[in-house]
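Enquirer: quick one, structure for this:
(2 chains)
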Amino acid sequence: MTADGGPELVQLLTPEGERVHHPDYDVDLTPDELRGLYRDLVLVRRVDAEATALQRQGELGLWAQLLGQEAAQVGSGRALRPTDMAFPTYREHGVAWTRDVDPLQLLGLFRGVTNGGWDPHEHNFALYTIVIGDQCLHAVGYAMGVQRDGTDDAVIVYFGDGATSQGDVNESFVFASVYNAPVVFFCQNNQWAISEPLERQTRIPLYKRAHGFGFPGVRVDGNDVLAVLAVTKAALQNAREGNGPTLIEAFTYRMGAHTTSDDPSRYRVAADLEAWKLKDPIERLKVYLARNGHADHAFFDAVEAESEALAVRLREGCRSMPDPDPTALFDHVYAEPHPLVDEEREQFVRYHASFAGGEH
Amino acid sequence: MAVTTMAKALNAGLRKALERDDKVLLMGEDIGKLGGVFRVTDGLQKDFGEARVIDSPLAESGIMGTAVGLAMAGYRPVVEIQFDGFVYPAFDQIVSQIAKHRARSGGRTPMPVTIRLPFGGGIGAVEHHSESPEAYFAHTAGLRVVSPSNPMDAYVMIQQAIACDDPVVFLEPKRRYWDKADVDDTVDISSAPSLFGARVVRPGTSATVACYGPMVRTCLEAALAGEADGLDLEVIDLRSVSPLDIPTVAASVRKTGRLVIVHEASVFLGVGAELAARITEECFYSLEAPVLRVGGYHTPYPPSRLEEEYLPDLDRVLDAVDRALAY
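Expert: Predicted coordinates:
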């Protein structure tokens, strides 16, 4: 497997910020839209950096970093229509951003105030899924629902290179294929499943696996927001038109650790990181915008100022986030009354009330 | 509908559910043209179409995981796992996703999924076709676990399970599929007793025997046989193992002073263990004897030539009753 993604890699913006063309994929964006993507990338990276810092300060129990994967997430997220449904892993902070989920709600999950955080239906963005690959089946089931509803919505599901070894992911490929479900499988191949390199998951390029399941696979430069946008839009359109699933392999790199609990220095070399720094998703768009007169200093300064303001809001919002009421642990376990949960809630309340007024 | 089998009663209940709510979908292996290996879904695909009665690929986790997505999209999936021993590939989707989804979403996303699971032994089957996995599911918050014991209950309970906004593991006692009884199909589920309530199926005074699913018939037969020895057993069909209807069992034990719990599943950490603990707590001063349990052993389910030794039968039930009375 070639480290640079090989000749099959779809690219519209080179790491040097040069706009190139591809016979099958293209985007035609206004300067305003291009600036919007740049803003997304910068702010999403800032969310990630602030969350990492908040974890270091003890405000979050954990954070799963997306550093380096901003273009893969923003490009694919911006390819969606509002009524399309997205199913994330636990690292899709950039997709969450494009679905208007407040980053503070992501922080709440990693702070431990909730196991969910947002309304999946309001944002058409499912809850984070931590068991690797489970969400791929959920996405296919949702897409089967869309088929029965008769709308032309599409569904996208995110997963990583490690997840491609999971049975559920492979089963989701089978179900999507035989039912021709309107779903896009978006695999962010960031080269690492915690400490295990891609070679531990596969002997062939991941996008080629789609062929065996009976649908197309495409490898896109995951650090090229324009290419990701173009490829994802095409795959979604394909799904809408009744042509079934597509596997997109977004070839990228996890610049940070797996999570804040991880230590990549134990298993990978610094030279790889340096090589991927040269392919930074934000830098190339910045160069392109500046070189072509699509953005000036005032714009870049304004984004920077917005990023600072966002950081302040996240820091303050996170630190002032209240813990849930203790009785909330009994909430929403069941939709209909359940004698055991009701009884245990009463016992819990009584037990706590027994301390009222006492010295404890 | 008159006298019919449990399998046909379930079929009629599924048909009613499909008629009542067009969001109800059936999905499973071989449930379409074949009508399921036990014919429980016989004719339903023909009448409701392939979009609502869905033959799935042969992948249990796939069935369960797509059911999650269908539920999120507003559907009410009723999935069939062909045999008890094949549910484990889907275990993760059931306990990690289906059971927790409502709580994780703050109540915004219910999971009205019904998991139909033919369970239990006694049919001379090969390995993995005779198991009783109810305790695994009952141990998981967010799930409900029920089992009908007779055709009439099967007809009503399957409709109630499907109408329930919580996920329900619906255990079908496969060796009772061919038991016949009168089924009144004019009964509406809105006026039927709660799906989660136990029922005294035989009043008595000597001791209480609590059971569910396939063991209800066994225990009723034991009670009948016990009459010759002067026993007057009260038999309770729990119907629901999660939640457990503790008040109904406790009221009976306060009257009889003795409780024997019977299930096919192995006794260790089984449903009987929980019921015994709860009844001991609730009825300590009414008990004349320790709560006793009759069930499978702490062994893998045996080859079928030995299953009669493993499964509780009339004699083992009465033996436990005798031991309880000897205190």
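
Enquirer: count of neighbours near residue A:140?
Expert: Neighbour count of residue A:140, defined by other CB atoms under 10 Å in any protein chain shown: 33. Placement of C-beta: from N, CA and C, glycine included.

Enquirer: then residue A:350?
Expert: Residue A:350: 9 surrounding residues under other CB under 10 Å.

Enquirer: what strand or helix carries it?
Expert: helix A:339-353 (DSSP states H and E).

Enquirer: next one: residue A:273
Expert: helix A:270-277.

Enquirer: measure residue B:174 to residue A:121 for me?
Expert: Distance, residue B:174 to residue A:121, by CB to CB, to the nearest Å: 38 Å.

Enquirer: following the helix or strand encompassing residue B:70, which helix or strand shows up next?
Expert: Secondary structure from DSSP H and E places residue B:70 in helix B:60-72. Downstream of helix B:60-72, the first helix or strand assigned by DSSP H and E is strand B:76-80.

Enquirer: the helix or strand following that next one packs against which elements?
Expert: Following strand B:76-80 in sequence order, the next helix or strand is helix B:91-92 (DSSP H and E). In terms of contacts (3 or more CB pairs under 8 Å, 6 or more residues apart in numbering or on different chains; DSSP states H and E), helix B:91-92 is not packed against any helix or strand.

Enquirer: which one of residue B:174 and residue A:121 has more residues nearby?
Expert: The neighbour comparison of residue B:174 against residue A:121 (other CB under 10 Å) goes to residue B:174, with 26 against 14.

Enquirer: spatially nearest residue to that one (excluding sequence neighbours)?
Expert: residue B:118 (4.1 Å; CB to CB, 6 or more residues apart in numbering or on different chains).

Enquirer: give the bridge partners for that neighbour, please.
Expert: residue B:172 (DSSP bridges).

Enquirer: how many residues are close by it?
Expert: Other residues lying near residue B:118 total 26 when counted by other CB under 10 Å.

Enquirer: you'd agree it is up against residue B:176?
Expert: No. Between residue B:118 and residue B:176 there is no contact under CB atoms under 8 Å: 10.3 Å.

Enquirer: which residues does residue B:76 contact?
Expert: The neighbours of residue B:76, taking CB atoms under 8 Å, 6 or more residues apart in numbering or on different chains as the test, are B:21, B:23, B:24, B:25, B:112, B:113, B:114, B:162.

Enquirer: try it again with 6 Å
Expert: B:23, B:24, B:112 (CB atoms under 6 Å, 6 or more residues apart in numbering or on different chains).

Enquirer: pull the number of nearby residues for the nearest residue to residue A:3 once chain neighbours are set aside.
Expert: Closest residue to residue A:3 apart from its sequence neighbours, by CB to CB, 6+ apart: residue A:275 at 7.6 Å. By the measure other CB under 10 Å, the count of residues near residue A:275 is 13.

Enquirer: likewise for the one 4 residues further on?
Expert: By the other CB under 10 Å criterion, the neighbourhood of residue A:279 contains 23 residues.

Enquirer: name the SS class of it, please.
Expert: Per DSSP: H, G, I helix; E, B strand; the rest coil, the local secondary structure of residue A:279 is coil.

Enquirer: I figured residue B:35 was touching residue B:44, is that so?
Expert: No. The criterion here is CB atoms under 6 Å, and residue B:35 misses it with residue B:44 at 7.4 Å.

Enquirer: which intervals of chain A have sub-threshold pLDDT?
Expert: A:1-2, A:358-360 (pLDDT under 70).

Enquirer: give me phi/psi at the residue nearest the centre of it?
Expert: With distances taken as CA atoms, centre = their mean, chain A has residue A:92 as the residue nearest its mean C-alpha position (2.0 Å). Residue A:92 adopts backbone torsions of phi -90, psi 50, taken as degrees, to the nearest 10.

Enquirer: same check, this time on residue A:125
Expert: In terms of degrees, to the nearest 10, the main-chain angles of residue A:125 are phi -140, psi 110.

Enquirer: same thing with residue A:86?
Expert: Main-chain torsions, residue A:86, degrees, to the nearest 10: phi -120, psi 140.

Enquirer: was I right about it contacting residue A:155?
Expert: No. Taking contacts as CB under 6 Å, residue A:86 lies outside contact range of residue A:155: 7.6 Å.

Enquirer: looking at those two, which is more packed in?
Expert: residue A:155 (31 against 27).

Enquirer: what sits against the more buried one?
Expert: Residues near residue A:155 by CB under 6 Å, 6+ apart: A:85, A:139, A:142, A:143, A:183.

Enquirer: of those residues, closest to chain B?
Expert: The nearest member of the contacts of residue A:155 to chain B, counting by CB to the nearest CB, is residue A:142 at 3.7 Å.

Enquirer: excluding its backbone neighbours, what's nearest that closest one?
Expert: Spatial nearest neighbour of residue A:142, chain neighbours left out: residue B:69 (3.7 Å); criterion: CB to CB, 6+ apart.

Enquirer: excluding residues flanking it in the chain, which one is nearest residue B:222?
Expert: residue B:317 is the one closest to residue B:222 (CB to CB, 6+ apart), at 4.0 Å.

Enquirer: residue A:236 too?
Expert: In space, and not counting its chain neighbours, residue A:236 is closest to residue A:154: 4.4 Å by CB to CB, 6+ apart.

Enquirer: burial count for the one you found?
Expert: When neighbours are defined as other CB under 10 Å, residue A:154 has 28 of them.

Enquirer: so how far is chain B from it?
Expert: Distance, residue A:154 to chain B, using CB to the nearest CB, to the nearest Å: 13 Å.

Enquirer: got a list of what that residue touches?
Expert: Neighbouring residues of residue A:154 by CB under 6 Å, 6+ apart: A:84, A:182, A:236, A:239, A:240.

Enquirer: select from those the one having the most neighbours.
Expert: In terms of neighbour count, residue A:182 stands highest of the contacts of residue A:154 at 29 neighbours, by other CB under 10 Å.

Enquirer: got a list of what it touches?
Expert: By CB under 6 Å, 6+ apart, residue A:182 lies in contact with A:143, A:146, A:154, A:239.

Enquirer: count of neighbours near residue A:103?
Expert: By other CB under 10 Å, the residues close to residue A:103 number 22.

Enquirer: so which bits of chain B are right by chain A?
Expert: Where proximity means CB under 6 Å from any CB of the partner chain, the interface of chain B facing chain A comprises B:51, B:57, B:59, B:61-62, B:65-66, B:68-70, B:72-73, B:75, B:96-97, B:102-110, B:141-142, B:165-166, B:243.
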